[in-house]
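Novice: The following comprises the amino acid sequence and a computationally predicted model.
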Amino acid sequence: MKFTYCFLVFVVLVATVSGQQGDRNKGQSQKKIEEGKSEVTALLKDLAVYKSKGATKEVRKTLKKIYDKSLSIGYNEGVLASAFDYGYLEFLDDNFSKAARITSNYVAAARKLKNTEAQLDGLKRLIVFYNPDYGNRPKKKKEAEESFYALHKLESERLKSVRKARSLQFENQEIKIDIIESERKSSEIAERASRLQDSLNIERIEQLEKDKAIKELEISTLKLKNESNEMALMAGKRRSTINLLSISLIAAVLSIFLLYRTFRIKRKHAKEQQKSQHQLMVQENMANLGRLTVGIAHEIKNPLNFVNNFAEGSSEIVEELEESFSALDLEEADLELPKELIADLKDNSLTINKNGKRIERIIHSMMAHAHGNKGTMVPTDINLLLKESLNLAYHGYRGTTNNFSMTIKEEYGRFEPLKVVPQTLNRAFLNIFGNAIYALNEKKERGVEDFDPTLEVTTEKREKEVVIAIRDNGPGIPEEVRKKIFTPFFSTKPVENGNIGLGLYMSYDTVVNGHRGQINMDTKEGEYTEFTIKLPA
C-alpha cells in the first residue's frame, strides 16, 4: 500500500513537471503567434493606406507579406484578408498555378473559420482559374470539376441549414407552449405533494431523513472512487502525451530532412536542365552561323581563285613584256617611261597576289570556324592569332562604317606556342576586339574634343601563364552594367544589327571552361576599358 501510494505521488510529480514544461513551450509559441498577428494587423493598416493612394506596387508587396506571414503562423483571419486579392493579382500576371494555390489556401482558411460566404467566393474564383477556355491557362479539368462539386455541395448545405433553422424556429415555438403546459402541471403536482407531505407522520419524515443521509454517504464514497480513477487516468494520459510528442518530434525532424533533400535534388535537376537548354540554344545559333559562314566562304573562294591566278599570270606577262622591251634596240630615254609603267604593273600584280593569298587564309580560317572542331588543342602562336583577329575585326568594322580609323599599338612578348583550340580562341578574341572598336566609334561620334581612338594589345609571359591585355580609351562601362557584362543574352548594343548578346559570354566560356584560364575586366567610365586574359602556359 505504501509503495502504491509513493508510486502515485511520483507519477503526479512527473506529470506536473511535464505539464509545466509543455505550458512553457506553449506559452512561447503563443507569444510568437501573437507577435505575428500584431505584425499582420500593422500590415493591414498599411494596405488600407496604399489602396487609398492607388499605389499598386506597394499593395501587391503588402498583400504578399500578409499572406506569407499569416500562412507561416496559421493565422486564418490574415489568410482570409489577403489571399483573395493576392491570388487574383497573380492570375492577372498569368501565374495560374500560383494563383490557384493561393486561392485554395483562401478556401481552406474560410472552411476552418466556418465562413460559408468566403468559401463560396473562393470556389467560384477557382472555377474561373481552372477554366481551359481562357488563353494559355492550364487545362485542369479535374480540379475545375472538383471545385464545381465543392461549390454545389456547399450551396446545398447552406440551403439545408437555412431550412433547418426555419424548422427549428417553429419547433422552438411548439416547445415553448409545451414547457408552459408542463410548468402548469408541475405546479399542480407540487401542490398535491405538499398537501400529502403535511399528512405524513413524524416517523415517516425521520425515516426519510435517515435514508437521505445514507444515500449522501454512498454518493461521497463514489465521488472519492471517481476522483482516484480520474487521477490515474490523467497520469496515463500524461504519459501517452509525452510519448506522442516524442514520436511527433522525431517524425517532424525526419520529414524536414526528407523535404530538404527532395528540394536540393529538384533544384539540382532544374539547374542541369536549364544549363542543357542553354547549351542546346548556343549550339543551334553557332550551327546556323557556321552554315552561313560556309556558304559565304564558298562564294568568295571561286572568284578569289580567278584573282590569284590572273595576278600570277599578269606577273608572268609583265616579265615577258620587260624582256621584249629589253630586246628592242631603243634609246635609254625612250625606254624610261615604259620601264616605269612595267615596274608599277609588276608591283600591282605582286600586291594583288599577296592580298589574294591573305584573303584565302582568312577564308580557310572562316571555314575552319564554321565547321568547328572536336576540341583538339594544338600548339599555336598566340601573337599571330591576335594579329589576325585584330585585323579581321578592324577591317570588317571599317567595311560597314564610313570614315572610321583608329591608332593600334601592339607589343608582343616572346614565348613558346601554347596548346589551345585556335578556332574557338580566335572567336573569343574577335568578340572582344569587336566590342572595343564599337565603343571607340561610339565615343568618336559623340564629338569628344581631342579624342584619338586607340586600341592597345600586349602579351607577356609570367611564370606559368601568358597574360593578354586588350585596352581601349573608349567611353568605359557604367557601374550598373559591369556585373552583367558576361551574362548570356545581355547587351548594350542595338538588336537591329543581329546582336543577340552572346559574344562576351561565349568569350568567357571559351577562356574559363574551354582553356582553364581567367578573364577579367577593368574599366573607368569615360576613360578606358581593359580586358585581361590569362592562359596556362
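Specialist: Perfect, thanks for sending it.
Novice: Counting neighbours, what do you get for A270?
Specialist: Using other C-beta atoms under 10 Å, A270 is surrounded by 10 other residues. Bear in mind the C-beta positions are built from the backbone N, C-alpha and C, glycine included.
Novice: Which strand or helix spans it?
Specialist: Taking DSSP states H and E as the criterion, A270 maps to helix 202-327.
Novice: tell me the mean pLDDT for that helix?
Specialist: In this model, helix 202-327 has a mean pLDDT of 76.
Novice: now do stretch 123-137
Specialist: On average, the pLDDT along stretch 123-137 is 67.
Novice: Equivalent analysis for stretch 101-110, please.
Specialist: For stretch 101-110, the mean per-residue pLDDT is 88.
Novice: Any buried residues in that stretch, and which?
Specialist: Residues of stretch 101-110 classed as buried: I102, T103, S104, N105, Y106, V107, A108, A109, A110 (neighbour count, 16 or more other C-beta atoms under 10 Å).
Novice: got JSON lines for these, with secondary structure too?
Specialist: Listed next are the buried residues of stretch 101-110 as JSON lines, based on DSSP: H, G, I helix; E, B strand; the rest coil:
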{"residue": "I102", "secondary structure": "helix"}
{"residue": "T103", "secondary structure": "helix"}
{"residue": "S104", "secondary structure": "helix"}
{"residue": "N105", "secondary structure": "helix"}
{"residue": "Y106", "secondary structure": "helix"}
{"residue": "V107", "secondary structure": "helix"}
{"residue": "A108", "secondary structure": "helix"}
{"residue": "A109", "secondary structure": "helix"}
{"residue": "A110", "secondary structure": "helix"}
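Novice: of those, closest to R482?
Specialist: I102 (37.7 Å; C-beta to C-beta).
Novice: how near is that closest one to F129?
Specialist: 10 Å (C-beta to C-beta, to the nearest Å).
Novice: how about the helices in the chain?
Specialist: Using DSSP state H, the helices of the chain run over residues 2-53, 56-73, 76-92, 96-112, 116-129, 141-199, 202-327, 332-371, 382-400, 422-445, 479-482, 503-508, 515.
Novice: The second one to helix 76-92, inter-axis angle?
Specialist: Counting by axes from the mean of the first three to the mean of the last three C-alpha atoms, to 10 degrees, helix 56-73 lies at 130 degrees to helix 76-92.
Novice: which of the residues in helix 56-73 are buried?
Specialist: Neighbour counts over helix 56-73 (16+ other C-beta under 10 Å) mark V59, R60, T62, L63, K64, K65, I66, Y67, K69, S70, L71, I73 as buried.
Novice: Quick check: the gap between the last one and G122.
Specialist: Read that as I73. I73 sits 21 Å away from G122, going by C-beta to C-beta.
Novice: swap in the fifth one?
Specialist: With distances defined as C-beta to C-beta, the gap from K64 to G122 amounts to 18 Å.
Novice: Any stretches of the stretch 51-200 of the chain with poor pLDDT?
Specialist: Applying pLDDT under 70 to the stretch 51-200 of the chain flags residues 131-200.
Novice: cutoff 50 now
Specialist: Low-confidence segments of the stretch 51-200 of the chain (pLDDT under 50): 135-136, 139, 170, 175, 189, 193.
Novice: now the end-to-end length of stretch 454-473.
Specialist: With C-alpha to C-alpha, to the nearest Å applied, stretch 454-473 spans 6 Å between its terminal residues.
Novice: can you pull the buried residues of it?
Specialist: Per 16+ other C-beta under 10 Å, stretch 454-473 contains these buried residues: 455-459, 466-473.
Novice: now what about it, what contacts it?
Specialist: The contact list for stretch 454-473, computed with C-beta atoms under 8 Å, 6 or more residues apart in numbering, reads 382-383, 386, 390, 406-415, 418, 432-433, 436-437, 439-440, 451-453, 517, 527-537.
Novice: number of nearby residues for P475?
Specialist: Other residues close to P475 by other C-beta under 10 Å number 19.
Novice: give the contact list for it.
Specialist: With C-beta under 8 Å, 6+ apart, P475 has these contacts: A439, E442, K443, R446, E525, G526.
Novice: Surely the last one touches G476?
Specialist: Which is G526. Yes. Counting by C-beta atoms under 8 Å, G526 does reach G476; the two are 5.5 Å apart.
Novice: Between these two, which is the more surrounded one?
Specialist: For the pair G526 and G476, the greater number of neighbours falls to G476 (20 against 12), based on other C-beta under 10 Å.
Novice: Phi, psi for the more buried one please.
Specialist: phi 80, psi 180 (degrees, to the nearest 10).
Novice: now swap in E463 and tell me
Specialist: Backbone geometry at E463, expressed as degrees, to the nearest 10, gives phi 50, psi -110.
Novice: Tell me how far it lies from L425.
Specialist: 21 Å.
Novice: Return the per-residue confidence for F415.
Specialist: For F415, pLDDT reads 93.
Novice: Report how many residues lie close to I432.
Specialist: Quick note: I432 (other C-beta under 10 Å) scores 24 neighbours.
Novice: What of G413?
Specialist: G413 has 14 neighbouring residues, counting by other C-beta under 10 Å.
Novice: can you check E323 too?
Specialist: E323 has 9 neighbours, counted by other C-beta under 10 Å.
Novice: Can you list the low-confidence ranges for the stretch 351-500 of the chain?
Specialist: For the stretch 351-500 of the chain, the stretches with pLDDT under 50 are 373, 495-496, 498.
Novice: Could you tell me which residues touch both of I102 and F129?
Specialist: Between them, I102 and F129 share the contacting residues G87, judged by C-beta under 8 Å, 6+ apart.
Novice: domains for the protein, by residue range?
Specialist: When the chain is parsed with automatic domain parsing, its domains come out as 27-164, 278-372, 375-537.
Novice: what are the ranges of the strands in the stretch 401-537 of the chain?
Specialist: For the stretch 401-537 of the chain, the strands defined by DSSP state E, counting those that start in this stretch cover 407-411, 418-420, 454-462, 465-472, 518-524, 528-536.
Novice: closest to L254 out of those strands?
Specialist: strand 518-524 (44.6 Å).
Novice: What lies in contact with stretch 260-269?
Specialist: Stretch 260-269 is contacted by no other residue when judged by C-beta under 8 Å, 6+ apart.
Novice: Contact partners for R446?
Specialist: P475.
Novice: So what does it look like in phi/psi?
Specialist: With angles defined as degrees, to the nearest 10, R446 sits at phi -70, psi -10.
Novice: and the gap between it and P475?
Specialist: The value you get for R446 to P475, if C-beta to C-beta is used, is 8 Å.
Novice: just to revisit the earlier point, which two of the buried residues of stretch 454-473 have the greatest separation?
Specialist: Longest span within those, C-beta to C-beta: V466 and N473, 24.1 Å.
Novice: before we move on, the earlier item: out of the contacts of P475, the closest to G236 would be?
Specialist: G236 lies nearest to E525 out of those, by C-beta to C-beta, at 77.2 Å.
Novice: how close does the closest residue to that closest one other than its chain neighbours sit to T407?
Specialist: Setting aside the residues directly before and after it, E525 is nearest to G476 in space (C-beta to C-beta, 6 or more residues apart in numbering), at 4.0 Å. As judged by C-beta to C-beta, G476 and T407 stand 18 Å apart.
Novice: Thanks again, I'm all set now.
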